[in-house]
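**Student:** I need the structure of the sequence given here:
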Amino acid sequence: MITIRGLRKSYGNDLVLDGIDLTVAGGTVFALLGPNGAGKTTMVEILSTLLPADAGEVTIGGYDLVRETAAIRRLIGVTGQYSAVDDLFTGEENLLLMADLHHLPKRDGRRRAAELLERFDLVEAARKPSATYSGGMRRRLDLAMTLMGDPRLVFLDEPTTGLDPRSRRTMWQIVRDLVAGGVTIFLTTQALDEADELADHIAVLDRGRIVAEGTPDELKRRIPGGHVSLRFADAAGYESAVRLLDARSRDDETLTLQVPSNGDVRTLRDLLTRLDGAAVEVDALSIHTPDLDDVFFAVTGHASSLEGDRS
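**Tutor:** Residues are numbered from 1 along each chain as shown. Reported below is the predicted structural model:
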């Protein structure tokens, strides 16, 4: 769906995007992560035709970004971090306004609006002022407005910011349903658990460059630090395990050891077999594998509390 080669963008002497190469497969969720100021918003603005690049080649849906901008705009939809909902209009009126902007015939616009109100569970609120909507309802309406033009590619910028857990999961399911219907999602998010939950492919942008790329599992496997935490039933068993195992750390008060492990079934089975062979009883066991927070910190050197950036 998207092919990017050598994408560059500067603001004066500030190089924001430094030769980006990326490919986004159709019918998938692609997540772009990065610390504040990494260039995420700039990239989305370029890809959504809102900002010209300084150099590079981009095709979207087979169309050239520079020469065939109008065709690309017909393919895409953008749901920004800040809602495009007009509080003075009802939900239905917001959708009909978008239908007019897409030059849909009146009958087709009303039919499409009714379909989207049903799809996003907004039928009962359709004729209420959108100012009365909850955060989750506004976000669903915002996305429904984006879909009025039936885009094949949707840019989602922080789609669940400020939503409660139930509304977040509702939005996640909407995203999955869109992808199941063949829509491609280009996602930027502060929430690493959201990227882990939704993304088929992730790229991490830092200081204008892609510093890591892969599926969530591929990225997590690159990071060391996985371990099994073992708590023992008594001091004798604990000391036996200390002598038997190559523990990374120990806690003599809680009788707990941390043993390096990649968390796979074979490694865990071998570990327990060694303990059983030495007649050492394990009271409790937990597995820690690196998550996207660990990946983010390792590849950027930044904490993973991402904030929306304007560069």
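
**Student:** mind checking the SS state of residue 254?
**Tutor:** Under DSSP: H, G, I helix; E, B strand; the rest coil, the three-state class of residue 254 is coil.

**Student:** okay, now it: neighbour count?
**Tutor:** Neighbourhood size, residue 254 [other CB atoms under 10 Å]: 12. For every residue, glycine as well, the C-beta is placed using N, CA and C.

**Student:** repeat that for residue 263.
**Tutor:** So residue 263, with other CB under 10 Å, has 15 neighbours.

**Student:** separation between the residue nearest to it when sequence neighbours are not counted and residue 111?
**Tutor:** Nearest non-adjacent residue to residue 263, counting by CB to CB, 6 or more residues apart in numbering: residue 289, 4.3 Å away. Residue 289 is 48 Å from residue 111, where distance means CB to CB, to the nearest Å.

**Student:** picking that back up, what residues does the residue nearest to residue 263 make contact with?
**Tutor:** By CB atoms under 8 Å, 6 or more residues apart in numbering, the contact set of residue 289 is 220, 226, 262, 263.

**Student:** what's the helix or strand where residue 239 lies packed up against?
**Tutor:** Using DSSP states H and E, residue 239 falls within helix 235-244. Using 3 or more CB pairs under 8 Å, 6 or more residues apart in numbering; DSSP states H and E, the elements in contact with helix 235-244 are strand 227-232, strand 256-260, helix 265-277.

**Student:** quick one: contacts for the residue nearest the centre of the chain?
**Tutor:** Centroid-nearest residue in the chain, with CA atoms, centre = their mean: residue 195, separated by 2.9 Å. Counting by CB under 8 Å, 6+ apart, residue 195 touches 31, 33, 187, 189, 202, 216, 292.

**Student:** just the ones of the residues you listed in helices?
**Tutor:** Mapping the contacts of residue 195 onto helices (DSSP state H) picks out 216, 292.

**Student:** would you turn the contacts of residue 195 into a markdown table with neighbour count, distance to residue 136 and pLDDT?
**Tutor:** Converted to a markdown table, the contacts of residue 195 look like this (neighbours: other CB atoms under 10 Å; distance: CB to CB, whole Å; pLDDT from 0 to 100):
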| residue | neighbour count | distance to residue 136 | pLDDT |
| --- | --- | --- | --- |
| 31 | 24 | 21 | 96 |
| 33 | 28 | 24 | 93 |
| 187 | 22 | 18 | 95 |
| 189 | 24 | 16 | 85 |
| 202 | 25 | 25 | 96 |
| 216 | 20 | 25 | 92 |
| 292 | 23 | 24 | 88 |
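
**Student:** please parse the chain into its domains.
**Tutor:** Following the assignment in automatic domain parsing, the chain carries domains at 2-85+133-221, 227-289.

**Student:** which one of those is the most hemmed in?
**Tutor:** The highest mean neighbour count among the domains of the chain, using mean count of other CB atoms under 10 Å, belongs to domain 2-85+133-221: a mean of 18.

**Student:** and that domain, how far out from the chain's middle?
**Tutor:** Between the centre of domain 2-85+133-221 and the centre of its chain there are 9 Å (CA atoms, centre = their mean, to the nearest Å).

**Student:** all numbers from here: first residue = 626
**Tutor:** With the count now opening at 626, the last piece we talked about shows up as domain 627-710+758-846.
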